[in-house]
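Engineer: Using only what follows, build the 3D model:
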Amino acid sequence: MSVAGCLNDNGGSGTPGDGTTSPDGKGPLTRITIEGTALVVELSEEADVDQVNLIQPNGELFGKRDVAAGAQQVSFEIGTAYAPGEYRVLALKGEETVVETTTELRPEIQIQDVGLYRNNPDKPWDEVYGESETDRIKNGEAFVTVENTGSGPEAITELISVHHKAG
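Structural biologist: Predicted structure coming up:
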């Protein structure tokens with residue numbers, strides 16, 4: 001299961017570190033967002049840059065993307081195994097940095113709902129578990145609904161059941 005968050009979707013009313021490079025959204029970098037597990041850098045029509053670099057929190061280069069003439073975005077597939085923290089985005093023309101901005105990538109997973117399948121007959125459990133005469137599997141399982149309210153993608157690969165004794 002993958003969940004993602006948006007870094008900046010405020011139409012360019014930027015403040016430092018929120019993914020925009022100028023208060024009016026007219027700099028070379030107009031917006032930085034997360035789409036699925038990719039960091040997407042949107043460029044203005046007037047952007048005179050030929051490369052965008054993404055620098056990790058530890059200062060190492062994450063990746064570089066050439067900007068084709070007329071292109072208005074580049075993306076970096078960051079997946080879910082990235083290091084959370086402050087990333088630097090550099091727009092370059094030749095060897096010169098035209099603009100640099102930072103953006104925070106930090107997932108924040110929150111549990112929204114927990115329940116037992118047997119107590120939620122309105123959900124399409126038969127599609128997940130199939131139909132059976134006893135519904136043993138469905139009636140013995142719990143579900144968890146999670147949401148990522150953070151600014152970076154995350155994947156949940158396993159839920160571990162913990163048994164507590166009543167008393």
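
Engineer: So in terms of bridging, what pairs with Gln73?
Structural biologist: Taking DSSP bridges, one finds Glu42 as the beta-bridge partners of Gln73.

Engineer: right, and it touches Ser44 too?
Structural biologist: No: Gln73 is beyond contact range of Ser44, at 10.6 Å (criterion: C-beta atoms under 8 Å). For glycine as for every other residue, the C-beta is placed from the backbone atoms N, C-alpha and C.

Engineer: Comparing the two, which residue is more hemmed in?
Structural biologist: Using other C-beta atoms under 10 Å, the more surrounded residue of Gln73 and Ser44 is Ser44, with 18 against 15.

Engineer: quick one, phi psi at that one?
Structural biologist: phi -70, psi 160 (degrees, to the nearest 10).

Engineer: From Gly70, how far off is it?
Structural biologist: 12 Å (C-beta to C-beta, to the nearest Å).

Engineer: Now Thr80. Nearest residue, chain neighbours left out?
Structural biologist: In space, not counting the residues next to it along the chain, Thr80 is nearest to Ala155; the distance is 4.0 Å by C-beta to C-beta, 6 or more residues apart in numbering.

Engineer: same deal with Asp66?
Structural biologist: Closest residue to Asp66 in three dimensions, ignoring its sequence neighbours and counting by C-beta to C-beta, 6+ apart: Gln51, at 5.7 Å.

Engineer: What about that neighbour, how many residues nearby?
Structural biologist: Residues contacting Gln51 under the criterion other C-beta under 10 Å number 17.

Engineer: repeat for the one 3 residues further on
Structural biologist: Burial of Leu54 is recorded as 21 neighbouring residues (other C-beta under 10 Å).

Engineer: And for Thr30?
Structural biologist: Per other C-beta under 10 Å, the neighbour tally for Thr30 reads 24.

Engineer: which stretches of this protein form helices?
Structural biologist: Taking DSSP state H to define them, one finds helices in the chain at 125-129, 136-139.

Engineer: what are the bridge partners for Arg31, then?
Structural biologist: Beta-bridge pairing for Arg31 (DSSP bridges): Glu42.

Engineer: wouldn't it be in contact with Leu39 here?
Structural biologist: No: counting by C-beta under 8 Å, Arg31 sits too far from Leu39 to count as a contact (11.2 Å).

Engineer: returning to what we had before: and the residue nearest to Thr80, what pLDDT?
Structural biologist: pLDDT, the model's per-residue confidence, is 87 for Ala155.
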